[in-house]
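Chemist: could you look at this predicted model? Sequence included:
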Amino acid sequence: MSLLEITKHVGELACQKDSYLKSIVTKVVRCDKVVPAATNGKKKKGAAPEPEKKDAWEVELLDTVIFPEGGGQLHDTGNLTPTTPDATPVHVSNCQRRLLSCIHTTSAPLDPATEVRVNVDWLRRFDNMQQHSGQHLLSAVLDLPPYQLETLSWGMNATEAYVEIGRKLSEEELQALEDRCNELIREDLKVVVHTSNHVDDQGNLPADYDPEKGTVRVVCIGDLDRNPCCGTHVSRTSQLNAISILYTTPSRGPNTKINFVVGDRVRRTAKQSVGQLRKLGNKLSSQIDEITDKVDKLMDDKKDGEKREKTWRQLAARFEAKKARATLASHGKAFIHASEGGIPYLSEIAAEIGEARDTGVVLLVCGDDANGNEGGPVMVTGEEGKVKELAAEVQKALPEVRGGGKARWQGKVGKWWPGDVEKLRKLVEVDA
């Protein structure tokens, strides 16, 4: 009988039969080099260079303690070490189900029939187990009164997990949900896995998983919950330690995602959150419980400052416009330079000049060319023919400027160089 014929399929893997098994000795069934996906060779303008792709191999084993991604649970990582003396461990960076097969992505090839010791990254595995079992518990409580809400989807990443439900919950409902889940954790309910051939247990299987050739696994939490699942789970709810609902986010239509952490992530999240709050408090010279009030005051001060800035900007715009109207009356054209304020300020000046520019032309420039500073806007406004003529002169004086418009031409200087502002000033004031 060939190795392939006795290979364990997904559903009967060692990691699924015993979630706490950290290592086994098995054999390599096959090993194929990963062929990189073909690309068209085109890169987006300004895109960062792609990192050099390292060679990788796909390895299938007789059995494994490395779980392939599935059921919403992240894949395990680990290593494969030939059992020969002084063998070098081969890193497993990914593990995926392909129909009924479990495929490990490795950093080096391994010959078929090689005996290897498979080690799982236990810290990652146990973290995944806590989040996944925690999701089952959370969904089970949501299924029951007073919520009676089906879990529409769930997912997890390296920092938190979520369940998606059909409506938004109030703060009181969320607190009661978290409290009930933690009560059930303290009750130390058994979590057991059964295999099943019932049709009712096959409804949530992936479309490409054949239940007749594979194995349907059902995870039960005491008498509370029974759900088909391929993942790895804790053996008792007490091993979840605690669950914390962090926040909710709106999803499709009326749906809501409840974002949560379970087990060791609760402790890590609390530590990180308090650490960040302490840093923020130090920057604000505040205690943690004073941060909100301090931020509110800073926001109010910011709004007051913006109002004052707007008032002064309006006064400055009127002053510049008044000078420009006088220059237009005597020379038919005017130049205005502002070191800051951008397009909003230049537009405000142009509006204040009003009809006085209709028979002349005004060149407005914003930026500081003293030391090769970041660029800024250029605006030409006035009678259409004169705007077109002066805009052409601007682009001739500073060839890198790009812009467009008729009665109001607007362009942008990418970078100011010493003397650039003076070049533009001479376009208007040379005949003055």
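Modeler: Yep, it's here.

Chemist: okay, now the unreliable bits of the protein?
Modeler: 1, 38-52, 197-204, 371-373, 430-432 (pLDDT under 70).

Chemist: identify the residues contacting the residue sitting nearest the centre point of it.
Modeler: Taking CA atoms, centre = their mean as the criterion, N157 is the residue nearest the geometric centre of the chain, at 10.5 Å. Neighbouring residues of N157 by CB atoms under 8 Å, 6 or more residues apart in numbering: L74. In this view, the C-beta of every residue, glycine as well, is placed from N, C-alpha and C.

Chemist: what does D264 give?
Modeler: 126-127, 130, 241.

Chemist: out of those residues, name the ones that lie in helices.
Modeler: 126-127, 130 (DSSP state H).

Chemist: and the strands in the stretch 151-300 of the chain?
Modeler: 153-156, 161-165, 191-196, 216-221, 225-228, 243-250, 256-262 (DSSP state E, counting those that start in this stretch).

Chemist: Throw the ones you listed into JSON lines and include distance to P36 and mean neighbour count, thanks.
Modeler: As requested, the strands of the stretch 151-300 of the chain are arranged in JSON lines below (distance: least, CB to CB, whole Å; neighbours: other CB atoms under 10 Å):
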{"stretch": "strand 153-156", "distance to P36": "28", "mean neighbour count": "18"}
{"stretch": "strand 161-165", "distance to P36": "32", "mean neighbour count": "23"}
{"stretch": "strand 191-196", "distance to P36": "38", "mean neighbour count": "16"}
{"stretch": "strand 216-221", "distance to P36": "34", "mean neighbour count": "20"}
{"stretch": "strand 225-228", "distance to P36": "36", "mean neighbour count": "18"}
{"stretch": "strand 243-250", "distance to P36": "36", "mean neighbour count": "16"}
{"stretch": "strand 256-262", "distance to P36": "35", "mean neighbour count": "23"}
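
Chemist: quickly run through the sheet partners of the strand with the most length in the chain, with directions.
Modeler: Counting by DSSP state E, the longest strand found in the chain is strand 23-33. Partners of strand 23-33 in the sheet, by DSSP bridges, are strand 57-61 (antiparallel), strand 115-120 (antiparallel).

Chemist: so which bits of the last one are buried?
Modeler: Within strand 115-120, the residues that count as buried by 16 or more other CB atoms under 10 Å are 116-120.

Chemist: make CSV from the residues you listed and add distance to P68 to it.
Modeler: Below are the buried residues of strand 115-120 laid out as CSV (distance: CB to CB, whole Å):
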residue, distance to P68
V116, 17
R117, 19
V118, 13
N119, 16
V120, 12
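
Chemist: on that earlier part again, which one of the strands paired with strand 23-33 lies nearest to G214?
Modeler: strand 57-61 (15.5 Å; CB to CB).

Chemist: and the host helix or strand of W409, what does it pack against?
Modeler: If you go by DSSP states H and E, W409 is part of strand 408-415. In terms of contacts (3 or more CB pairs under 8 Å, 6 or more residues apart in numbering; DSSP states H and E), strand 408-415 is packed against strand 374-382, helix 384-397, strand 402-404.

Chemist: in it, what's buried?
Modeler: 408-411, 413.

Chemist: try stretch 102-117
Modeler: 102-106, 109-110, 114, 116-117.

Chemist: contact partners for R325?
Modeler: 353-354, 356.

Chemist: thinking again about what came up before, what is the nearest of the buried residues of strand 115-120 to G375?
Modeler: Of all those, G375 sits closest to V120, with 54.8 Å by CB to CB.

Chemist: how about that closest one, nearest residue that isn't a chain neighbour?
Modeler: The shortest distance from V120 to any residue other than its chain neighbours is 4.3 Å, reached at G78 (CB to CB, 6 or more residues apart in numbering).

Chemist: burial measure for the one you found, as a count.
Modeler: If you count neighbours by other CB atoms under 10 Å, G78 ends up with 26.

Chemist: now it: how far from D264?
Modeler: Remark: distance between G78 and D264 (CB to CB, to the nearest Å) = 19 Å.

Chemist: and for T81, the neighbour number?
Modeler: By other CB under 10 Å, the residues close to T81 number 18.

Chemist: what helix or strand is it on?
Modeler: strand 78-82.

Chemist: pull the distance from that strand to the chain's centre.
Modeler: 32 Å (CA atoms, centre = their mean, to the nearest Å).

Chemist: run through the helices of the stretch 151-300 of the chain in chain order.
Modeler: For the stretch 151-300 of the chain, applying DSSP state H, counting those that start in this stretch gives helices covering 171-186, 264-284, 291-331.
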